[in-house]
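Enquirer: Please find the sequence and the predicted model below.
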Amino acid sequence: MADSTTQVTLDKIVSLSKRRGFIFQNSEIYGGLGSTWDYGPLGVELKRNIKELWWRDNVMKRDDLVGLDAAILMNTKVWEASGHLDNFSDPLVECRLCHHRFRADHLEANASCPDCAGELTEPQQFNLMFKSHTGPVESSGGLVYFRPETAQGIFVNFLNVLNATRRKLPFGIAQIGKSFRNEITPGNFVFRTREFEQMEIEYFVKPGTDEEWHNHWLERRRDWYMQYGIDPNHIRIRRHGEDELSHYAKATSDIEYLFPWGWGEIQGTANRTNFDLLAHSDSSGQSLSYFDEESGDHKVPYVIEPSFGVDRAVMAFLTDAYQEEEAPTSSGKMEKRVFLKLHHSLAPVKVAVLPLSRNEALVPLAKEIHNKIRSSETIAGLVQYDETQSIGKRYRRQDEIGTPLCVTVDFDSIDDDEVTIRERDSMQQTRVPISTLVEALNKLTEKTT
Ligand code: GAP
């Protein structure tokens with residue numbers, strides 16, 4: 001967003017996402033599948049960058065976290081013990097006239113149908129877990145659920161990780177993976193979907209230190225979004241009321257982002273106490289505890305859980321980066337310019353190499369420069385070569401996909417061995433020798449990070 005008062009509309013984000021290859025409707029040629037989306041060539045890079053930064057900052061750069069990649073399908077007893085079979089539900093109401101269904105907690109008390117004003121049924125609890133069967137015969141013995149959170153894969157591996165890594169409290173386990181929820185009312189693009197990706201940390205602490213660690217993670221994680229460019233005015237922490245808490249939580253605070261339709265959760269941070277480890281200990285008969293050297297007995301750790309949605313982060317970063325301004329074209333006319341002011345580390349394409357035209361004198365030199373930048377160790381990410389359309393249109397395209405730097409090869413380059421670097425945000429152009437181009441790009445990158 002240009003500033004906190006200029007709100008980009010959701011339509012603009014959806015349209016840019018499709019036009020430029022960030023996000024497409026799933027199964028589009030068959031009319032789509034409700035609220036299901038596919039990440040295109042640039043979306044996949046943006047998503048990968050978010051996940052890699054999260055992993056680097058939380059797992060690689062901290063001494064107290066390790067990683068895990070658990071399977072999506074788990075023993076059904078996991079979901080019995082965790083309480084998801086009994087409690088992981090939303091209140092569902094149905095219109096007696098048009099039969100559309102809604103989440104009762106998203107409507108005013110005594111509301112009528114938002115679509116046809118018909119009378120709504122009494123709320124019924126609807127379990128959000130998707131079911132399937134293992135093996136060739138659909139029997140209740142083979143019943144399995146698609147995980148609705150990655151967290152349970154961490155809890156049931158607590159002992160394995162503790163034994164394999166000889167960790168002492170506090171320590172955490174981080175995981176990135178798909179989760180599935182049969183949401184009653186998905187919507188707002190990739191904000192609420194039935195298949196989505198989570199990045200979760202279960203951080204195991206000594207009982208009594210849980211509140212301190214809860215605050216630690218909440219502040220760390222909020223700062224993380226701002227570190228990668230989110231405007232502090234567009235992010236806030238909201239504490240859950242007693243009536244909103246999940247069945248496992250003693251306290252939860254959401255990190256919310258100001259989306260085009262209002263504030264929405266991008267990360268939940270819950271104090272899950274020892275609920276899950278105790279429940280799995282009771283149910284499995286295996287003690288999921290640690291030996292506390294101070295007290296000389298076994299204790300079940302408390303858990304702080306920063307749980308982050310990758311798709312919601314994609315939306316928040318795209319929305320915050322979206323900018324519109326009046327800018328001069330190469331002929332001096334003023335025109336609307338759309339650009340994504342993405343942090344350099346998030347930008348799908350780091351550098352674009354553009355010959356001024358498709359002229360046969362320019363193309364070989366431009367390709368040579370493209371290869372030189374691409375093979376440099378320091379430019380970490382995609383380097384694109386583009387010779388189609390006019391140079392003005394190519395700049396606009398790179399602006400719209402958030403490429404921080406463009407390198408233009410023109411006819412003077414053949415004689416003076418220099419090229420022009422154009423910066424996305426200021427559109428400032430600087431002439432640099434080809435021999436020191438990579439160093440110049442690195443310097444400009446440092447300036448923008
Ligand atoms: N393990 C705790 C847990 O799953 P949650 O608040 O239900 O907590 C955590 O989910 C995060 O997962 C949310 O903050 C959100 O970013 C993401 N998320 C949850 N449901 C989602 C959905 N239907 N579509 C997209 N992202 C979702």
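Expert: Arrived safely.

Enquirer: Please make it C-alpha for all contacts and neighbour counts, starting now.
Expert: Noted.

Enquirer: From the ligand, how far off is the residue nearest to the spatial centre of the chain?
Expert: The chain has residue 310 as the residue nearest its centroid, 2.1 Å off, counting by C-alpha atoms, centre = their mean. Distance, residue 310 to the ligand, by C-alpha to the nearest ligand atom, to the nearest Å: 7 Å.

Enquirer: interface residues of the stretch 201-350 of the chain facing the ligand?
Expert: 265-268, 307-309, 311-312 (C-alpha under 6 Å from any ligand atom).

Enquirer: What is whichever strand or helix holds residue 238 packed up against?
Expert: Using DSSP states H and E, residue 238 maps to strand 235-239. If you count contacts as 3 or more C-alpha pairs under 8 Å, 6 or more residues apart in numbering; DSSP states H and E, strand 235-239 packs onto helix 210-227, strand 251-259.

Enquirer: Please identify the deepest-packed of these.
Expert: strand 251-259 (a mean of 22; mean count of other C-alpha atoms under 10 Å).

Enquirer: Adding mean pLDDT as columns, could you present the helices and strands packed on strand 235-239 in CSV?
Expert: Output for the helices and strands packed on strand 235-239, formatted as CSV (pLDDT from 0 to 100):
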stretch, mean pLDDT
helix 210-227, 94
strand 251-259, 96
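
Enquirer: Next, format the ones you listed as CSV and append distance to residue 272.
Expert: Converted to CSV, the helices and strands packed on strand 235-239 look like this (distance: least, C-alpha to C-alpha, whole Å):
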stretch, distance to residue 272
helix 210-227, 9
strand 251-259, 8
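
Enquirer: so which of those gets nearest residue 381?
Expert: helix 210-227 (19.2 Å; C-alpha to C-alpha).

Enquirer: Taking their axis directions, the closest one and strand 235-239 sit at what angle?
Expert: If you take axes from the mean of the first three to the mean of the last three C-alpha atoms, to 10 degrees, helix 210-227 sits at 160 degrees to strand 235-239.

Enquirer: Give the other helices and strands that helix 210-227 contacts.
Expert: Using 3+ C-alpha pairs under 8 Å, 6+ apart: helix 210-227 touches strand 235-239, strand 251-259, strand 262-273, strand 302-309.

Enquirer: where does the protein dip in pLDDT?
Expert: Low-confidence segments of the chain, defined by pLDDT under 70: 1-7, 448-449.

Enquirer: So which of the helices and strands packed on helix 210-227 has the densest surroundings on average?
Expert: The stretch of these with the highest mean neighbour count (mean count of other C-alpha under 10 Å) is strand 302-309, at a mean of 26.

Enquirer: strands paired with it, and their directions?
Expert: Using DSSP bridges, the strands paired with strand 302-309 are strand 195-205 (antiparallel), strand 262-273 (antiparallel).

Enquirer: So for residue 118, which of those strands sits nearest?
Expert: Using C-alpha to C-alpha, these put strand 262-273 closest to residue 118, at 27.1 Å.

Enquirer: picking up where we left off before, max pairwise distance over the residues of the stretch 201-350 of the chain next to the ligand: which two?
Expert: Most distant of these, by C-alpha to C-alpha, are 268 and 311, 14.0 Å apart.

Enquirer: Run a quick neighbour tally on the residue of the stretch 51-200 of the chain found nearest the ligand.
Expert: The nearest approach of the stretch 51-200 of the chain to the ligand comes at residue 192, 3.5 Å away (C-alpha to the nearest ligand atom). Residues within reach of residue 192, counting by other C-alpha atoms under 10 Å, total 19.

Enquirer: check contacts around it.
Expert: For residue 192, the contacting residues are 35, 183, 186, by C-alpha atoms under 8 Å, 6 or more residues apart in numbering.

Enquirer: Now, of those, which are buried?
Expert: Among those, those classed as buried by 16 or more other C-alpha atoms under 10 Å are 35, 183, 186.

Enquirer: and these as JSON lines, adding secondary structure?
Expert: Below are these laid out as JSON lines (DSSP: H, G, I helix; E, B strand; the rest coil):
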{"residue": "35", "secondary structure": "coil"}
{"residue": "183", "secondary structure": "coil"}
{"residue": "186", "secondary structure": "coil"}
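
Enquirer: check those against the ligand, which are close?
Expert: Within the buried ones among the contacts of residue 192, nothing lies near the ligand by C-alpha under 6 Å from any ligand atom.

Enquirer: just curious, which of these is nearest to residue 353?
Expert: residue 35 (36.2 Å).

Enquirer: For residue 150, see how far away that closest one is.
Expert: Counting by C-alpha to C-alpha, to the nearest Å, the separation of residue 35 from residue 150 is 21 Å.

Enquirer: any chance you could map the helices in the chain?
Expert: 10-20, 41-55, 76-82, 84-87, 151-155, 158-165, 210-227, 275-284, 310-321, 363-374, 391-401, 411-416, 437-447 (DSSP state H).

Enquirer: The residue nearest to the centre of the chain touches residue 50, doesn't it?
Expert: Yes: Residue 310 is within contact range of residue 50, at 7.5 Å (criterion: C-alpha atoms under 8 Å).

Enquirer: Determine which of the strands paired with strand 302-309 approaches residue 81 most closely.
Expert: strand 262-273 (14.4 Å).

Enquirer: any idea of the angle the closest one forms with strand 251-259?
Expert: 160 degrees.

Enquirer: Could the C-alpha coordinates of strand 262-273 be exported in CSV?
Expert: The C-alpha coordinates for strand 262-273 follow below in CSV (Å, rounded to 0.1, in the frame of the first residue of the first chain):
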residue,chain,number,x,y,z
GLY,A,262,-10.3,-5.1,7.3
TRP,A,263,-8.2,-6.8,10.0
GLY,A,264,-7.5,-10.5,9.6
GLU,A,265,-5.4,-13.1,11.4
ILE,A,266,-2.1,-14.0,9.9
GLN,A,267,-0.6,-15.8,12.8
GLY,A,268,-2.0,-17.3,16.0
THR,A,269,0.3,-17.5,19.1
ALA,A,270,-1.2,-19.9,21.7
ASN,A,271,-0.2,-21.0,25.1
ARG,A,272,-1.2,-24.6,24.7
THR,A,273,-0.1,-25.5,28.3
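
Enquirer: contacts for it?
Expert: So strand 262-273 is in contact with 207, 210-211, 214, 217-218, 248-258, 301-309, 312-313, going by C-alpha under 8 Å, 6+ apart.

Enquirer: Figure out how far stretch 229-239 is from the centre of its chain.
Expert: Relative to the mean C-alpha coordinate of its chain, stretch 229-239 is positioned 15 Å out (C-alpha atoms, centre = their mean, to the nearest Å).

Enquirer: Need the residues that contact that stretch.
Expert: For stretch 229-239, using C-alpha under 8 Å, 6+ apart, the contacting residues are 4, 222, 226, 251-258, 316-317, 320-321, 342-343.

Enquirer: Just the endpoints, please. Distance across that stretch?
Expert: Stretch 229-239 end-to-end distance (C-alpha to C-alpha) = 24 Å.

Enquirer: Fine by me, we can end here.
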